[in-house]
Structures are given as C-alpha cells and as structure tokens.
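Asker: Predicted model, plus sequence, below.
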Amino acid sequence: MSIWLRTNAWRHAVIISVCLFSLFPLYLVVISSFNSTGSLRLDSFIPREISFANYKMLFNDPTIPYMTWVKNSLIVAGATAVLSVTIGSASAFAFSRLNFKGRKTGIQLLLLVQMFPAILAISAVYVIMERVYTFAPSIGLGTQAGLLLIYLGGAMGVNIWLLKGFVDSIPKELDEAAKIDGASAVQTYWLIFMPLAAPVLAVVALLSFIGTFNEFILARLFLVDMESRTVAVGLQQFIGGQYSENWGPFAAGSIIASVPIVIIFLSLQRYIVNGLTAGSVKG
Amino acid sequence: MTSFFTGKVSFVLKLVVVLLLSSVLVTLTQSAFAQKEYFIAGFLAITILLLVLTYLTKISIPLKFFLPGILLLIAFVLSPILFTVTMSSYNYKTGNIISKSEAIEQIKNRGFESDADGTSFDIKIGRYDNQEAILVSDSINGAYFISTENNRIPLIAQDLTVNEYGVAESAPDFQTLSDAEMANADEIYSLKRFKYQDEYFIALEGFEVGIVSRQVLAFDEVNDQFKNIISGEIYTDNGRGNFAIEGSPDQYLEPGWRAPIWFENYTKLFTEERLRAPLVSVFIWTITFASLSVLTTFALGLLLALALNKPIRGRRVYRSILILPYAMPSIMSILIWGGMFNTEFGAINNLLGTDIAWFQSPTFAKFAIILVNLWLGFPYFYLISSGALQAIPSELLEAASIDGANPRQIFRQITLPLLLQILSPLLIASFAFNFNNFNLIYLLTGGGPRAELDGELAGATDILISFTYKIAFGSSVQDLGLASAISLVIFVLVASISMYGLRKSKVLESFQ
Amino acid sequence: MTKKRYSAVGFVAAVAIAVSGLFVPSANANNEIVVWADGDRGPNLVKVLAEKGDWVSGYKVTVKSFSNFDALKDAFDKATDASGPDIVMGANDWVPTGAKSGKLAPITLTASQKARFTSGQLFDLTYKGKLYGVPVDVNNVAMIYNTKLVTTAPKTFGEMVNYYKANKTSKGLKAGLCVAGGGMSWGAHSIFSALGADAYQFDARGKIVYDRSFNGTTFGKNVRTFLLDGKKSNGFLPASDAGCKDNFLDGTVPFAIIGNWEWKDYVAKGFTMNLMPVPGVNANKPGKMFGSVSGALLTTFAAKHGVEAGAKSLLTNFFGSTDGQVRYQKIEGRPPAEKGAALDATVSAAQRGFGSAASLSSIPQIGAFLNNNAGGANYWDSAPAYWTAVLVDGKDAVVEGNKLAAIWRANTTAGKSDL
C-alpha cells in the first residue's frame, strides 16, 4: 500500500483533480440544457428538473433556424476540409517531390506567407469581397460560397506547409521506384502516393473541418442573414444580445453541435496526435 | 488503370472540366470588367490563361500540381496582404471611406437649400417635347406649368384635366410614361433638376412631390474646388480627403474621401500620445498573456503526461476525459466559460460562495482569461508531451538511474532539457498562436474592463489584435487605415517570432 | 499530340467565350425597395406590408430583419453599395455618423409633411441643416412602481431610498430601483439626471451650453447619500440591468425604469403599475430622460440602386403618414411620432401616456454630443462605466463624478461643430 501511495497515489490525485477541472464546465452545460430557467448557475450538483424545453425550442421555434445553421456549418466546414486537402496535397507533393526552378524560393515564400495570421487582413478581405459582390453577387460578401473561398485561400498556406511535412515523412523509395518503371509524375501521384497518404490526408481534413467549424469572426462578419449563419454565430446571439442572456437554448444547441465532433475526435485521437506533433495548432 | 490517366477518356474529361471552369471564369471576368474592377478582371483573365495552358498542354508538370493552391494563395492571402499595405497609407476611416468622385457627387447633392418659404408642388412626371418633364400644380396660386431641364411652359387651367384636389393629371403635349418607361423612371428623374425661376429649380421628392431649391455649393472642375455661391467661400482639396477652407481646417465639407497620407498612420503610432500609451500597455499584456498561456498549458500538460507515463489503472478513460476540453469546439467552450464567470448568475461565484465581478476588475479578468486558456490548451500539451516523452530513449534514463541519480534529478537534468529541445518549435508556435488569440479575448471579456472614465482607449485585457479590430470595426469611428498599419506591425512581430522558432527547429536548413 | 492539344486550347477558349455570352447580366429595371430593421420592428413591418403593400405603386418593398438593434447597427456600419439598404430603421443618433460617411441621403419634406411632426422630432433626425429621414416612433422610458408594494407615488429620490431601506428585509427586496429597459446608459439617464448629472446643460432660455458640464461634486455627493453605504453600494441601484425585469415582476424590486416598447409585456403579466418620471433629489424636479425618435432613414444606396424617388415616396406615403403609422404601431406598440397617429383612437392609452411623459420631462438625444469621444469616451461607454466604478469597484463617487463631468463637457464642446 505504501509503495502504491508513493508511486501511484500522486498520479491519481493529479489526474483526478484535472479531470474534474475539465469536466466541470461540460457537466454544467449538460445540466443547464435540461434546465428551463436559462441561467448558467449551479444550484445543485444533481439537476432538480429534466426539461426538454430548450431542445424543443431549437427545433420548433420558427425564429431560430437551428437546423439550417447546423447544415450551413457542415457544408462550409466539410467543403473547406475536402477541397483544401485535395488542393493542398497536390501542391505539397510538388514542393516535396518534384524538382523545378525556384522551388527553394517558393518554399521560403510559402513559409513567410503562412505565418500571416488571416485575421490581420480581415479588413482587406472584407473590402475585396465587397467589390466581388458588385459583379458576382453569388460569391461576394454575405454568401457562403464567398466565405468558403476565403477559408480555402486563408488556410492554403498553412495546409500546404503542414502537408508538405507529411509528404516529406513518406519514404521516397516507393515513388522513385515507380518513376523508374516509367510512370509520369501525375501517375505516381494518383496511383502510388495518394493511397499511401490517404490516412494522413484524412486527419488533416478532419483538423481543417474542426478548425473551420470553430471559426467565428469571419463568419460573423460575412454572414449577415439569419438563414445563412453558421452554428457558432447563430448560437452566440442567444447570449450576445443586449438585454437578455438565454443560456438554456445555447447550452442545448452547443451540445447538439459538439457531440459529433467530440466523438470523431476521441475515436481518431491517435491519428490526430500525430498531426499535432507535426505542428498544427487547433483553432 | 494506368491508361485512365493518359488515355483519351481522361483527356476528354479534363477538357470538359477545364471548359466548365473557364466558362464560369470568363463570365466573371466580363462582369468584373463591366464593373470597372480592373484588378480583379485582370487576375481572372490570367487565371483562365494559366488554367488552360497548364492542364491542356505540357508546359510545366509541377505547375499542374500547385496551380490551384497558388492561385488561391494569391487571391485570398497575398492580395489582401498587399491591399492591407495600400490601405495603411490611406486616410481610410469613417467620414473618408468613399472615392473622391462619389464624395463630389454627394456634396453636390447635399449642397442645395430650399427657398425661404419651403415651397413645394404636387407634380406628375412625364415627357414634353421629347424631354423629361414634370407637370407642376401650384395649388396655392392656382397656377400650372410644365417644367423641363431648361424651360418652363405656363399652362392654362382650362386645358388641363384636374382632379378633386386641384392637381393636374394631364396636359396637352405632355405624355405620361408607359409602364416600361416607368420602370426606369426612378433612376432618370430623381437626378434631374427642373427649371423654376432664376437660380431656383424643382427637384423630385418622390414621384408626386417637387421641392423648390437652389444650388449653394458649386463644383469647379478645373480648379478642383467647391464654391459657396452665396457666401463666396472656397473649399479646396486639403490633401487629406476633404474639401476645406484654406486656413481654417475645421471647416470642411462632408463626406470626405479616402486619400493617401503615406506614412502618417505609422508615425501616428509613435507620436500620438493618445495612441502610443494604450499600444504600449496592450503590447505588454499581449506578451504577458502569450507567455503565461504557453507556460501554464505546457506545465499542466507536462505534469499530466508524467503522471500518465506509467500504465496505471484507468489510463484510457483518464486520457479520454483529459482531452475532452480540446475536442469541444472552442467557440462554445469560451462562451460557456463567459457565462460561468457572470457575477450574479455564474457558476464560479456560486461555487466559491463569492460575488466577485470577474470582468470588471483588470486583475480578475486577466486571471479568468489565463484560467480559461489553460482549460482550452492543456490537453494539447498533454498530448504532445506524452508523445515526446516516449521519444526519449529509455537507455538514457536507465543509465542515469544506475549512476545513482534520483527521479527528480533525472527529470531536471535529462528529461526536461530533452523535452524542451524536442518541443521548442511547438512552444514557439503556440506562443505565436496565442499572440493573436482573438476569439478568446473577444468572446470572453471583449477586451474589457476599460477605464472609460480615465479616458482609456484599450481595455485591460485587450491584446494587439483585438485592439486593432476595435479600431477597424469599432462603434463610433472606424479607422481602417490605422488598423491596417497596426496589422502590419503585428505581422512583422509574429513573423520574427515564428522565424526564430523555425530556425530553432532547423526547418530552414533542411531545404536541400 | 502537341498540335492537338493546342487546338484543344483554342476550342476551349471559343466555347468558354460563347457560353459566357449567355450569362452576361442584363441591366434589369429595379423596382425593389429594401428596408433594414431590427428583430422587433422588422417582423412587424413585414406584417403591416402584407396587410397593405401598395404604398408606392410599381414598387415592391422587401424588409430584412436583423436579430437585434446592435446587429442592425453593425450591419449598417458595414453596408456597401452592393449590399446596403435603401431605407434603414435607425435611431436618431445614427444620423451624424451616417451623414458624415456618406451613407445617409438628405430628404426634403413639404411644409404640410413637416407639420405632421414636432420640430424637436425633426431636429433629432437633422444633421447640419439637412433632414435624413422621417420620425416613426418616440423612444423613451418611464419609471413604474409596483402598486402592491408602494401605495403613493414618491415625490423625491430620498423617499424611494427610505422605502427600500425600511422594507429591505421585511419584504425581501433585491434592489430599490433598477433599469429594465434601455440599459445603464440610455435608460439610466433619468437617474443621472435626478441626481444632478445631465448629459448636457441648457440655459434658462433652453439653449445648449457648450462649455459647461454638471457639477461633479454635487452629483457625487448625491450618489454617496442615496446609493452608497460608506464605500459600498447600499443595494438600492444595481450596476447592471440584468434580471431587473424578472425581479420587478417577482415583486422583489419596487421601482423600475422600463422602455415604452416593453409596457405591453408588463401589462400582459396582469400587474398594476403606475407610470411616472424618476423623482429628483428635490420634489417637483424629476430626472430627465432621453426623448428621442427612431426614424426611417434614407440611404445613399437608394440612388445607386435607382430607387431613390420610390424610396422617398415610401418614406412620406407609408413611414411618415397617419395611416402608415397607425397600422404599424398597432402591431409594434410604440408611441407613434406622427401627430395624427398619436391622436388616433386605436393607439393604446399607454402608448399615448409614454408619448406625453416624453414631452413632460425629457431632453433631446443629440448624437453629436453623445457619440463624441473627444473626452476619451462617448456617453454610451462612460455612463455605465460610472455605475461600475462606484457601485461595484468601490471607487470614490465624487472623484469619478468629476471625471465624468469633464468627459461630458469635452464631448459637448467638441460636438458643437457637428450640430
């Protein structure tokens, strides 16, 4: 017992207290979502009532197009993830495997560009998309297509850079062998490289999906219409309103929106950790 | 299978995709050109050219791979950066956001005054003598006339159809508009000025009412100045985006336009005390916040990684619980924490039995921010530290323990230095990320509390990026030019930090 | 092969240009007037327009609603030629900024149209001699008291405080007076004013005095006497508006300041309340509230969209007419600005009551002063900051009062040029 105490007790003590720290806010949201009073208060650790009023409100109240928000988020984040990985991996492959003039300069430039925090150029992006709106209203300011383009472009630097890191780590022997067999670069890419990199690409896509899902400020600035908002922007207004703070529906809404992401994250955590060590910081 | 990528099928497929894409792009180019967005039109045209050449010829194989990525980068990263640079040299703020020609147009439109009596008439719009005209009923004097831009034709009441209110409905030679003409009438008629008498004219206020006014401000295109016809004052371009009376800079016409002021937005940062003082304190807090965030999250993450480095009971469950904060969408978490810190209705005061106004006191607000960021960020460092711990060769540790070192010594002299070496690029990346952690600050405290009564511009928890956002999109004055200048300064700072980090990780040397 | 590829390039180019010809946008005649409004007014406008939509013949009116007033302001601040509205339902203090940045366009009313409004209402929407919209509703607050708790109307501020102190424990009061409508800046002006701090000063003839502010020391001392207990708040006035409405309805706060648009919510709860201004330190000198109008404001985008004449007609035919305001305010429930509508029999007594309360004890809401931040902060930021500093942080009421006075004086002096 005393050995157990010395070697393992402190571990359990530390871990359990940190676990409580991580769980507390989450537990609070769960019980608040079943509480009809609308505050984020802890009256007792065991919920006094289980009410589904908040959930019902999300689905039945015509002024809260919650499902539309969820759909918008899924579309924007999903499309960003798939497209950015498809486009990014091709570029990464070129930078990593092909020899061409200006490659080194290209990489250095890319490195510099990917350091520019997208948020800094927010006013410029805003003005540009404003102008795009004047001739192409379907992809300009206020549209999801426009937002998608900005996400794609904004994340491209980081994505290429990150993916290049992965591509570098895949042994070169395989595609060099293919080259000797007379396959062109395009063939090598599709037939040898893609199958090899698929799991890694899936992880990067997932991280990109989560990152986009979490994006708030551009989405808030760009999507003005109730119907076109993403879930994060839509829910924020319950508690960002001037005169009222309505935590009940917010809690319910954030639970519904978060649970799938949490599940995916937990089930794929091993792969994600690899992605993290390669240097991506989740937003 | 290989033939799929070289054969005819693939070529046709490629042709169709390129065809569709370029059709869309050509359409966009045309409409961009029509809207006088020449930069965008030019970019689109080059895009089409490159697309077609790259994918349908064999000009360059690498280009086939990175063209889409590069184009997106140029369109949405590089050009905004360049645009930010341009904006930072402009006087681009509330009151000076439109172009000069628009500003002149609007000053002209506002530069009129009604006659002394505020005379107004009931009118009908139509055409007379093939010109836009209005049929005017002066019901007070019982007079009627048709007015075009340059002529006024008196009418005799007997010739007209007049309704019950004494308003003329039609007159000989006066054609009312067809439905098709009516559809475009608004644009044409609302800009026209119809002859009344002397310098007075009639302008439309809606389709049924005309107001008698005269122009007060006249634009002199040759000298690029406005003249007040009545008082004789001359307003000249003051070079800062306004027409102003020379010698009295406070007397200027509104609206102004965006005008280049070169480096003024940058020099302002250092010379204007009202701006420099908050910038210095915000900068200090930004550095403090970013360092403390990295330090606390790393320390807790590492502690957990060490605690879980042994196979102990329930390790998998613990691990899953510990990364929960990281798996939650951070937006939701931040907002939830914000609610928990509410003074009256929040769970934190509730739990502690206190009634602290968390976001009203700078110290408590800063503490809350660090705490929330710790919650959000420790799982990341826990995950990567446990990965890194496994990467440390166990022989090294065993050898040390055989040499008689105790666990604490081993940790301090071997494990920690090695870990720091492995993780330093990630620590620096995390620093750079927190340096611009806008979401956390904006959603949790909004940068506050701010001592408004002491005239502070920035809040106690504002970091550079949230302060910049306030300048660009704030409530009373929106100064995009100044915000762009600060953005670029931040970029230089962050880029230096990241470059340092990369040099540490020796990434730069690995380019062959 | 190469030759074939180049011919493919040519083929693509030809087809692309041909196809794009089909999509070239044709310049359509525009006859849609777009109105932006907040989450309360927008849906009600939609209802009214559905009831009768032909206010301007040949035009279709589209209403776009934003979730709340802040969101509307945010969107309008960022509105552009392409996306902007033709008419926006905004507050009167939007006029100076909107006019300065070239987003609002002037309109001229005929003498008979002008006669439908008071000169004060028109002044509220005027900037440098030009009118930018038509007044639609009167916005003000009033104090209500719970007649189950308080039987006679208090005559002075002190009476309310004494009532609170005497009944705090026996009746379980959570506060004495709280602000339920309009927030701690706009809604709380009558409390500032009751204790001696008006946002700007008027001389005996009713003219604004630009170089003077309220007496910070007198005000601070009043705050000490009535709101503080030593250095701490005595609990009479909470520093934030959170929970005020619920507490009042629960009977745990006897006095509350509410906005005229909220009255119907209180009535719906079956309460008996009385409506009055906030009593001052001395009897018969009640605190003044902001009496302002919201208006339908014309934008410069209307001209760019080619609907300026239509938008102007909509402003006069619908927003500024008796018929339009009666129909709209029947649903919206605010006091109508237009004289005919204000007297209309179908407008409720409370709507009229608030309207007349506004004329009794109010000062105009002058954006040029209130939005100015020459003193370091505008009114909207500095007013709630005072309550926080004194009631929450325990800072000295007199010192902070003098700071506040200095800020408001600087703002008023600097704002003069914007009138």
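Answerer: Thanks, I have it.
Asker: Show me the beta-bridge partners of residue C:298.
Answerer: When bridges are called by DSSP bridges, residue C:298 pairs up with residue C:87.
Asker: measure it to chain B for me?
Answerer: 10 Å (C-beta to the nearest C-beta, to the nearest Å). Where C-beta positions appear, they are placed from N, C-alpha and C, glycine not excepted.
Asker: quick one: that residue and residue C:85 touch, right?
Answerer: No - Residue C:298 lies out of contact with residue C:85 (C-beta atoms under 8 Å); the separation is 9.9 Å.
Asker: Identify each buried residue in the one helix or strand residue B:23 maps to, please.
Answerer: Applying DSSP states H and E as the criterion places residue B:23 in helix B:8-34. The neighbour-count check on helix B:8-34 (16 or more other C-beta atoms under 10 Å in any protein chain shown) flags B:11, B:15, B:18-19, B:21-33 as buried.
Asker: ok, and the closest non-adjacent residue to the residue in the stretch 101-250 of chain A that chain B sits nearest to?
Answerer: Proximity to chain B, evaluated over the stretch 101-250 of chain A using C-beta to the nearest C-beta, is greatest for residue A:153 at 2.3 Å. Spatial nearest neighbour of residue A:153, excluding adjacent residues (C-beta to C-beta, 6 or more residues apart in numbering or on different chains): residue B:76 at 2.3 Å.
Asker: wait, is the one you found part of a helix?
Answerer: Yes - assigned with DSSP: H, G, I helix; E, B strand; the rest coil, residue B:76 falls within a helix.
Asker: doesn't residue C:97 make contact with residue C:371?
Answerer: Yes - assessed by C-beta under 8 Å, residue C:371 is found in contact with residue C:97 at 6.6 Å.
Asker: if I look at residue B:380, how far off is chain C?
Answerer: For residue B:380, the distance to chain C - C-beta to the nearest C-beta - is 33 Å.
Asker: For the helix holding residue B:23, the averaged confidence score.
Answerer: Helix B:8-34 shows a mean pLDDT of 86.
Asker: got it, and stretch C:85-92?
Answerer: pLDDT averaged over stretch C:85-92 gives 92.
Asker: go on, stretch B:494-508?
Answerer: So the average pLDDT for stretch B:494-508 ends up being 73.
Asker: Then stretch C:257-266?
Answerer: For stretch C:257-266, the per-residue pLDDT averages 82.
Asker: Can you mark which positions in that stretch are buried?
Answerer: For stretch C:257-266, using 16+ other C-beta under 10 Å, the buried residues are C:257, C:258, C:259, C:260, C:261, C:262, C:263, C:265, C:266.
Asker: Out of those residues, which two sit at the greatest distance?
Answerer: C:257 and C:265 (14.2 Å; C-beta to C-beta).
Asker: distance between the helix or strand harbouring residue B:203 and the chain's centre?
Answerer: Using DSSP H and E, residue B:203 falls within strand B:200-204. Relative to its chain's centre, strand B:200-204 lies at 40 Å (C-alpha atoms, centre = their mean, to the nearest Å).
Asker: would you put the C-alpha positions of it in PDB?
Answerer: Output in PDB follows, covering the C-alpha atoms of strand B:200-204 (Å, rounded to 0.1, in the frame of the first residue of the first chain):
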ATOM      1  CA  TYR B 200     -34.200  78.100 -58.300                       C
ATOM      2  CA  PHE B 201     -35.100  74.700 -59.600                       C
ATOM      3  CA  ILE B 202     -37.600  71.900 -58.800                       C
ATOM      4  CA  ALA B 203     -36.200  68.500 -57.600                       C
ATOM      5  CA  LEU B 204     -38.300  65.400 -57.000                       C
END
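Asker: elements contacting that strand?
Answerer: Of the remaining helices and strands, those touching strand B:200-204 by 3 or more C-beta pairs under 8 Å, 6 or more residues apart in numbering or on different chains; DSSP states H and E are strand B:120-128, strand B:131-138, strand B:194-197, strand B:209-215.
Asker: Can you lay out the ones you listed as CSV showing distance to residue A:142, mean pLDDT and mean neighbour count?
Answerer: Formatted as CSV, these follow (distance: least, C-beta to C-beta, whole Å; pLDDT from 0 to 100; neighbours: other C-beta atoms under 10 Å in any protein chain shown):
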stretch, distance to residue A:142, mean pLDDT, mean neighbour count
strand B:120-128, 34, 90, 21
strand B:131-138, 35, 91, 21
strand B:194-197, 38, 91, 18
strand B:209-215, 34, 90, 21
